[in-house]
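>>> Build me a model from this:
(chains A and B)
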Amino acid sequence: MLFAVATVVALWLQTEVRLWLPAGALFPDLVLILVVDLGLKQHNALSAVLAFAMGYATDACSGTHLGLNAFMMTLIFLLSYELSRHVWVTGKVIGPLAVALADLLRTLGVMAITGGIATVSAITGPHMRLIAIQALITAAVAPAIFSLLDAGKRALRLPVRVAAE
Amino acid sequence: MQDPKDTFLWRNRVALVGGAALLLAAHMLSSGVKQGDTLARPQGLVAEALRPFQVASARMAQSAGDIFHHYFMLVHVGRENQRLKEEIAQLNQRQARMVELELENHRLAELLDLKEALDLKVVAADVIGADATGAARTLILGQGSGAGLQPGMGVIATGGVVGKLISTSRNASRVMLLSDHNCAIDAFVQRSRARGIVTGVADDGVIMKYVERTEDIKTGDAVVTSGLDGVFPRGLLIGSVGAIERQGPGLFLNVAIQPAANLRKLEQVLVIVQTPPHLSDSGAS
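Residues are numbered from 1 along each chain as shown, chains lettered A, B, ... in the order given. The predicted structure is shown next:
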């Protein structure tokens, strides 16, 4: 429920703020941060379904191919989940780092799937810089969102971290 | 007896469920789920759930934007007339709303003029949201299938062509802008009749593809819809020719297009719900 509400709020912010920001301005991908949080901290089957649902909800407000964000978000969830199984993820750096990498993966993945690999290889220097800055902005916001989510979980008496075994 | 929690399925349940979800998403992607399909139906619910917030915040942001804009006007005047600052502030605050109403009236009047001039059956819609991730060039409109909108319909604004509808729910819809690299609009250069496909490129530009190298084309030439794609009637202004790249070994020219409609500042658009046959048959306007 917490993640469902958070997704609706995140999508609302993303669709509205982007509309009123000046041309070319970047805005963090809040839903992506939620999915990475799920992958790093919530190790249960429902989390995988939630990640898919969050991607599907994003598809309703973004992109031109239904299933594209659902695919990328589920993939990012699985990669974050695998990362958390092999790396100590309680440090302050690993979360934002995972978010930055996930943002890069999502942007390039979406471009590759919708426009073909040639689109990715044709990315110009300035455009690549923009993609990298977008990833850094999302990563910079991530600790605050992680803290908000943890606070929300505590308020609802939910475990902050759920281990698989 | 083996503990159920010690089985392969239980130990790998997250990866297995995630993998299944990934396969479902891949299936949706590869099969190109259409509007009305079972897998596409919940999408409408999401759009409908978000719509009230988007409509409310779009209105609030518009008012806030006016106040912000007029505040800067006030600062400018205040430098010249320091002692009148407070008075001007009050007047400007009051005027801001009136100016906005006037601008809105002007925009709607322009849309009405365009609607009457085109003699097309159109539906006016407010822009209530942008693309959630910025990965695609799409906008969310505050009208949906309830107003007769369907995916594939053309969208125009006072300046010119805006894009095509890609999905609709009862009270909202999404339009793919012509600056999106998945958008393709059959077009020709009005002066020389050179044909091509207008589409977006990844870094936010608009180009005209498949224009033969031998074609007569100059900077500033008007580019209009051909009417051959069955979406737009012939002769709607798309934009003007910007840079033309004649270098390179390819068969076609690289033609940059400057869109006639300001795709970054759209507030109201018209959706063409019906294209009269006589417009498609007539010459370019």
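>>> pLDDT score for B:V273?
Note on B:V273: pLDDT of 87.
>>> And the one 3 residues further on, by the same measure?
Among the per-residue scores, B:P276 holds a pLDDT of 50.
>>> And A:A139, by the same measure?
91.
>>> Secondary structure element for it, which one?
helix A:125-155 (DSSP states H and E).
>>> List the buried residues for that helix?
A:130-131, A:134-139, A:141-142, A:145-146, A:149, A:152-153 (16 or more other C-beta atoms under 10 Å in any protein chain shown). Every residue, glycine included, has its C-beta placed from N, CA and C.
>>> So which of those would count as near chain B as well?
Restricting the buried residues of helix A:125-155 to those touching chain B (C-beta under 8 Å from any C-beta of the partner chain) yields A:130, A:134.
>>> Can you name the residues that contact the closest residue to B:V241 other than its chain neighbours?
Nearest non-adjacent residue to B:V241, counting by C-beta to C-beta, 6 or more residues apart in numbering or on different chains: B:D221, 4.4 Å away. Applying C-beta atoms under 8 Å, 6 or more residues apart in numbering or on different chains, we find B:D221 in contact with B:189-192, B:240-241.
>>> where does the chain have low pLDDT?
The chain I'm using is chain A. A:23-24, A:89-90, A:162-165 (pLDDT under 70).
>>> You answered for a different chain; I wanted chain B.
In chain B, residues with pLDDT under 70: B:1-2, B:4, B:34-36, B:61-62, B:64-97, B:99-100, B:115-119, B:203-204, B:248, B:275-285.
>>> Just want the most central residue of it.
B:L177 (3.6 Å; C-alpha atoms, centre = their mean).
>>> Is it correct that that residue is in contact with B:G163?
Yes. Contact criterion C-beta atoms under 8 Å: B:L177 and B:G163 qualify, at 4.3 Å.
>>> so what's residue 15 up against?
Using chain A. Contacts of A:T15 (C-beta under 8 Å, 6+ apart): A:61, B:50, B:54, B:129-132, B:140.
>>> my question was about chain B
A:78, A:81-82.
>>> Verify the stated contact: B:G144 with B:N171.
Yes. Using C-beta under 8 Å, B:G144 makes contact with B:N171 at a distance of 4.7 Å.
>>> more neighbours, these two?
The residue with more neighbours, out of B:G144 and B:N171, is B:G144; 23 against 20, by other C-beta atoms under 10 Å in any protein chain shown.
>>> quick one, phi psi at the residue of chain A found nearest chain B?
At 2.9 Å from chain B, A:G67 is the closest residue in chain A, using C-beta to the nearest C-beta. When read as degrees, to the nearest 10, the backbone of A:G67 gives phi 110, psi -10.
>>> Same check on the one 5 residues further on?
Phi and psi for A:M72, reported as degrees, to the nearest 10, are phi -70, psi -40.
>>> That one reaches A:G109, doesn't it?
Yes. With contact defined as C-beta under 8 Å, A:M72 counts as touching A:G109 (5.3 Å).
>>> So for these two, which residue has more residues nearby?
More crowded of A:M72 and A:G109, by other C-beta under 10 Å: A:M72, with 29 against 18.
>>> ok, the more buried one - contacts?
Residues in contact with A:M72, defined by C-beta under 8 Å, 6+ apart, are A:55, A:105-106, A:109-110.
>>> switch the cut-off to 7 Å
Contact analysis of A:M72 by C-beta atoms under 7 Å, 6 or more residues apart in numbering or on different chains lists A:55, A:106, A:109-110.
>>> near chain A, which residues of the stretch 101-250 of chain B show up?
Neighbours of chain A within the stretch 101-250 of chain B, by C-beta under 7 Å from any C-beta of the partner chain: B:129-136, B:138, B:140, B:166, B:176, B:180-182, B:202-203.
>>> So which of those residues belong to strands?
In strands, defined here by DSSP state E, the members of those are B:129-130, B:138, B:140, B:166, B:176.
>>> Of the residues you listed, just say which sits nearest to B:G154.
B:M176 (10.9 Å; C-beta to C-beta).
>>> Could you check how many residues crowd around that closest one?
As a burial measure, B:M176 scores 26 neighbours (other C-beta under 10 Å).
>>> now the one 10 residues further on
The number of residues packed around B:D186, counting by other C-beta under 10 Å, is 17.
>>> How about A:F52, nearest residue that isn't a chain neighbour?
Nearest non-adjacent residue to A:F52 (C-beta to C-beta, 6+ apart): B:A21, at 3.8 Å.
>>> and that neighbour, which of the three is it?
helix (DSSP: H, G, I helix; E, B strand; the rest coil).
>>> Quick check, it in contact with A:S47.
No. Taking contacts as C-beta atoms under 7 Å, B:A21 lies outside contact range of A:S47: 10.4 Å.
>>> For stretch B:219-236, buried residues please.
So, applying 16+ other C-beta under 10 Å, buried residues of stretch B:219-236: B:221-227, B:231-236.
>>> now the helices: where do they sit in chain A?
A:2-20, A:30-41, A:45-59, A:68-86, A:94-115, A:117-121, A:125-155 (DSSP state H).
>>> orientation of the helix holding A:A139 relative to helix A:2-20 in degrees?
Counting by axes from the mean of the first three to the mean of the last three C-alpha atoms, to 10 degrees, helix A:125-155 lies at 140 degrees to helix A:2-20.
>>> Now tabulate the contacts of A:T15 in TSV and tack on neighbour count and distance to B:A261.
Output for the contacts of A:T15, formatted as TSV (neighbours: other C-beta atoms under 10 Å in any protein chain shown; distance: C-beta to C-beta, whole Å):
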residue	neighbour count	distance to B:A261
A:C61	26	22
B:L50	24	25
B:Q54	24	21
B:G129	30	18
B:A130	25	16
B:D131	24	17
B:A132	30	22
B:I140	29	17
